[in-house]
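A.B. asks: dropping the sequence and predicted coords here.
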Amino acid sequence: MIDMSRIEIVQFPYFSDNYGVLIHDRNTKKTVAIDAGDALSYNKALDEKGWNLSEIWITHHHWDHTDGIDSLFKRWNCKVIGPANHSTVPIRHLSEGMTEKDSFLFAETPVKILHTPGHTLDMINFYLPSENILFSGDTLFSLGCGRVFEGNMFMMHDSLNKISALPNKTLIYCSHEYTKANAKFALSVEPENKTLVSHCNKIEELVTSKKPTIPTNLELEKKINPFLRTSSPSIREKLNLPNASGGEVFSALRKAKDIF
């Protein structure tokens with residue numbers, strides 16, 4: 001849980017490795033759920049805090065992010081905000097569809113939309129510039145990124161570049177606890193990265209203590225996440241792609257991770 005002067009964020013696990021997130025504005029008492037994969041887990045977190053759900057922000061259509069929408073909507077009659085352009089499955093009860101560079105207000109807080117296709121074609125991320133927070137869905141994970149299911153490798157690389165362009169101090173909430181597995185792959189492609197090695201030791205401590213490795217921050221990820229480091233000479237040497245484009249290096253990394 002992170003407490004700020006006006007905004008409170010609660011993160012909780014559900015299913016085997018998903019993270020749910022609630023954002024609460026203390027002034028207006030409005031509360032948002034980031035995605036809605038499991039209604040029971042979201043309702044439990046809401047009831048423990050004594051919060052009423054005002055909105056659901058959906059990042060993409062996959063079932064582990066959307067299966068709880070019906071139950072939450074029935075209980076709370078809340079607004080549902082999600083991708084305007086559906087790839088294969090419409091978002092149920094969608095109140096407002098969002099596309100690249102759209103923006104809106106949550107209470108008094110501006111929210112900007114980044115369209116980050118690759119994992120799915122409809123993927124959007126929610127960015128709160130005044131709070132320096134990004135909800136990245138399945139686009140960017142700590143030390144990793146989402147599998148490319150519906151888009152292509154170059155599309156996903158471009159989406160990660162959008163995130164990389166945000167301020168370094170951006171705090172990143174992603175939707176899965178994949179960090180330990182991602183760390184093993186990252187070490188395999190950049191074993192001499194001292195910052196990476198040091199952070200992997202911290203990850204082991206957190207996992208052993210049953211503590212979350214999320215949120216992470218962009219400045220750190222740029223130093224340790226191979227999918228944000230396609231210009232790294234050591235990674236290019238490891239892949240034998242010294243003169244390749246960033247997209248080509250990313251593609252090689254993602255394909256290697258898929259079979260790692």
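C.D. replies: Right, received. Where do you want to start? Numbering: from 1, shown residues only.

A.B. asks: show me which residues of whichever helix in the chain runs longest are buried.
C.D. replies: With DSSP state H setting the assignment, residue counts place helix 194-208 as the longest helix in the chain. Neighbour-count burial for helix 194-208, counted by 16 or more other Cβ atoms under 10 Å, picks out 196, 199-200, 203. C-betas here are computed from N, CA, C, even on glycine.

A.B. asks: so which elements touch it?
C.D. replies: Using 3 or more Cβ pairs under 8 Å, 6 or more residues apart in numbering; DSSP states H and E as the contact definition, the elements that helix 194-208 packs against are helix 179-189, helix 218-224.

A.B. asks: with mean pLDDT, mean neighbour count and distance to Pro167 added, can I get the ones you listed in JSON lines?
C.D. replies: What follows is those, written out as JSON lines (pLDDT from 0 to 100; neighbours: other Cβ atoms under 10 Å; distance: least, Cβ to Cβ, whole Å):
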{"stretch": "helix 179-189", "mean pLDDT": "97", "mean neighbour count": "19", "distance to Pro167": "22"}
{"stretch": "helix 218-224", "mean pLDDT": "98", "mean neighbour count": "18", "distance to Pro167": "7"}
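
A.B. asks: which one of these lies closest to Val111?
C.D. replies: Evaluated with Cβ to Cβ, the helices and strands packed on helix 194-208 place helix 218-224 nearest to Val111, the distance being 17.6 Å.

A.B. asks: figure out how far the closest one is from the centre of its chain.
C.D. replies: Its chain's C-alpha centre lies 14 Å from the corresponding centre of helix 218-224 when counted by Cα atoms, centre = their mean, to the nearest Å.
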